[in-house]
Structures are given as C-alpha cells and as structure tokens.
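> fold the following for me, if possible:
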Amino acid sequence: MALAALGRVDDVDIEASGKFKYILIQLSVGDQTKYIVRGYSHCGYHADIYDEVTPALEKQGINCSCPGGGRIEHDKNAKTILVYGYSMGFGQADHSIAVKILQKKFPDYTSIKSSNEGY
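Now for the predicted structure:
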C-alpha cells in the first residue's frame, strides 16, 4: 500500500522553461520513502511551493518534509537544466538528489547538472 501511494506521485513537477525556485520534498509512508522535485515561477518563496504541494499529499496519508531548496534554470529548447543555490527557510537541498530525479524525468536532455555557486 505504501509503495502504491508513493508510486502515484509524480517525481517531477517544474516549469516548462525559465528560472525559478525549487524544493526537494521527502515523502514517506511507513518505512517507505521517496524524493520529489517541485518548482514554480508563480511561487515567491520556497515555503509557498511546499504549502501548495503538501496538503493534497497529506490527505492521502503521505508524510512530507522539505530537506532544502534552491533554484532551477530550465531551458527546454537547449535541453539543459542547472540546479543551484539554496532556500533561506529550508536550507540548501542536496542538489545531487534533485539532479538524479531530473535526469530520470528528462533522459533526452544534453545537460542536467548542479552547482553550489550563486543564488
């Protein structure tokens, strides 16, 4: 049941293109866990993303926590994604986790990488 609940949640939901804030969210049901990436340009703060995403998940019995965030530069035409920066409220996400999730979602992209530079 836990795997089914977590399996129904998309790994990635980000803007189609542009520069925006993102968060890494850890989901758990029982002893099963999963990370997801969420990033939206209409959210002014990282906490706004968390507040938008988690209520629907929690209604399904999924526990949510945010180990950090940052920014994403997504260029759909060039097929590149850069993950960098940090969240003032949640701290810096482990960008390597976000990159792995994004690589799985966008296998045809030429470059998906992270940097610990900049904001």
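
> quick one: contacts of stretch 102-119?
By CB atoms under 8 Å, 6 or more residues apart in numbering, the residues outside stretch 102-119 that reach it are 11-12, 14, 37, 71, 78-86, 92, 95-96, 98-99. From N, CA and C alone the C-beta is placed, and that goes for glycine too.

> next, the residue nearest the centre of the chain: secondary structure please.
For the chain, the residue nearest the mean C-alpha position is Val37 (1.6 Å; CA atoms, centre = their mean). Following DSSP: H, G, I helix; E, B strand; the rest coil, we place Val37 in the strand state.

> pLDDT wise, what is it at?
On pLDDT, Val37 comes in at 98.

> which residues sit in contact with it?
Taking CB under 8 Å, 6+ apart as the test, what Val37 contacts is 11-14, 22-25, 98, 101-102.

> again, only this time at 6 Å
Going by CB atoms under 6 Å, 6 or more residues apart in numbering, Val37 touches 12, 98, 101.
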